[in-house]
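Asks: I'll drop the sequence and a predicted model, then ask my questions.
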Amino acid sequence: MKRFEHGGRIYDKKISLDFSSNVNPYGMPQGVKDAIIHGINQYHLYPDDDVAKLKKALAAAEGIQEEMLIFGNGASDLIYRLCQSIRPEKSIVLAPTFSEYEKALRSSGSEVEYLELKKENQFAFSYDLMGKLTEEYDMFFLCNPNNPVGNIIEPETLEAIIETCFKNQIFLVLDECFLDFLKEEAVYSGKQFLQKQQYGEGIFLLKAFTKLYGMAGMRLGYGICRNWKVLEQMEWAGPAWNVSAPAQVAGLAALKETVYVKKTRETIEIERKYLEGQLRKLGFTVYPSKVNYLLFQAPAGLETYCLEKEILIRSCENYIGLTSQHYRIAVRLREENNVLIKCFQEFCKEG
């Protein structure tokens with residue numbers, strides 16, 4: 001059976017530092033923690049199945065109509081519900097990319113093919129790949145920034161992809177769960193194309209509170225779409241009360257954390273560049289990233305060595321197109337990053 005693995009698998013290991021999971025190194029904002037605790041006497045009640053308060057606040061923050069929003073138990077919940085709703089016969093995904101797209105597509109009966117990103121092009125989406133987005137496909141999952149690489153698709157290329165999908169009637173799912181780590185997120189987001197009448201109904205934008213706000217355990221994702229039929233089908237495809245009361249409270253509080261977000265973006269940019277420089281000094285191949293994680297190539301055995309030091313990094317061997325020498329690490333705070341680099345230095349000396 002094919003393995004679909006993810007970072008953050010800490011529960012069966014003794015781990016002091018987790019670099020395998022790409023969440024905010026500052027953890028959940030204090031204001032969000034306080035809001036969750038403050039609402040504890042309401043958690044005996046069923047959550048609002050309409051997610052009304054959060055929907056209103058988030059629509060204002062995103063600058064969209066409330067009707068364009070749908071919420072899920074994390075972004076992964078929405079991926080599965082979307083696939084079950086549309087049930088595409090044949091789909092295409094990037095390789096390498098987040099494995100849940102393929103898993104969800106296959107679970108809905110779809111045939112899945114790969115749009116392979118080339119190592120010599122640093123696993124970036126190149127313009128020549130556009131010709132492979134043909135009318136034989138019903139759905140295309142595009143992760144921007146891509147996971148596990150962290151690279152960004154330029155706005156002009158993104159618009160060309162959207163035009164190609166529209167022309168060939170391919171439903172485009174844009175996963176932007178990591179885009180919030182960028183100060184210029186609005187420039188790179190597909191949200192601008194949702195407002196265009198000719199494209200709007202063929203795009204689904206996938207986002208989450210998980211990464212930026214350090215809320216992975218709360219499970220709160222959302223989608224933005226102008227295809228009312230698809231949104232209605234997705235509501236039918238999932239169970240009631242799939243967004244818990246604590247998650248709704250946390251989401252509302254998170255939207256107020258503007259200072260926290262600014263601080264996070266500044267720190268990530270500084271620390272990513274620092275980590276990239278340190279990895280290159282060790283002779284590792286580092287692929288360009290704009291967000292809070294780095295893909296790099298190093299000798300096999302690095303993950304095992306780190307585990308012996310109670311540090312978890314993400315082996316990328318199970319990603320299509322990558323090998324046992326490819327690893328992904330989250331960008332964390334300087335003190336933690338230095339512990340990781342010291343571990344890597346010791347590995348290189350002993351190797």
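Replies: On my side now, so go ahead. Everything numeric here is computed off the predicted structure, so don't read it as measured data. Numbering: from 1, shown residues only.

Asks: mind listing the helices for the stretch 101-250 of the chain?
Replies: 155-167, 185-188, 191-194, 228-237, 245-254 (DSSP state H, counting those that start in this stretch).

Asks: got the contact list for the closest residue in space to Trp236 that isn't next to it in sequence?
Replies: Leaving aside its sequence neighbours, Trp236 sits nearest to Ser85 (CB to CB, 6 or more residues apart in numbering; 7.6 Å). Yep, even glycine has a C-beta here, placed from its N, CA and C like the rest. Counting by CB atoms under 8 Å, 6 or more residues apart in numbering, Ser85 touches 230, 233-234, 236-237.

Asks: between the helix or strand hosting Gln84 and helix 228-237, how big is the angle?
Replies: Taking DSSP states H and E as the definition, one finds Gln84 inside helix 75-86. What separates the directions of helix 75-86 and helix 228-237 is an angle of 110 degrees, with axes from the mean of the first three to the mean of the last three CA atoms, to 10 degrees.

Asks: For helix 75-86, output the C-alpha coordinates as PDB.
Replies: Once non-C-alpha atoms are left out, helix 75-86 reads as follows in PDB (Å, rounded to 0.1, in the frame of the first residue of the first chain):
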ATOM      1  CA  ALA A  75      -8.200  22.200   5.100                       C
ATOM      2  CA  SER A  76      -7.900  18.400   4.600                       C
ATOM      3  CA  ASP A  77     -11.600  18.000   5.500                       C
ATOM      4  CA  LEU A  78     -12.500  20.400   2.600                       C
ATOM      5  CA  ILE A  79     -10.100  18.700   0.200                       C
ATOM      6  CA  TYR A  80     -12.000  15.400   0.700                       C
ATOM      7  CA  ARG A  81     -15.500  17.000   0.600                       C
ATOM      8  CA  LEU A  82     -14.600  18.800  -2.600                       C
ATOM      9  CA  CYS A  83     -13.500  15.700  -4.300                       C
ATOM     10  CA  GLN A  84     -16.500  13.700  -3.100                       C
ATOM     11  CA  SER A  85     -18.800  16.500  -4.300                       C
ATOM     12  CA  ILE A  86     -17.300  16.900  -7.800                       C
END
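
Asks: pLDDT of that helix, averaged?
Replies: In this model, helix 75-86 has a mean pLDDT of 97.

Asks: How far off centre is it?
Replies: How far helix 75-86 lies from its chain's middle: 15 Å, per CA atoms, centre = their mean, to the nearest Å.

Asks: which other residues reach the helix or strand following it?
Replies: The helix or strand immediately downstream of helix 75-86 is strand 90-95, counting by DSSP H and E. Taking contacts as CB under 8 Å, 6+ apart, the residues outside strand 90-95 that touch it are 101-102, 105, 110-117, 125, 132-133, 136-143, 146, 170, 319-321.

Asks: For strand 90-95, the averaged confidence score.
Replies: Mean per-residue pLDDT for strand 90-95: 98.
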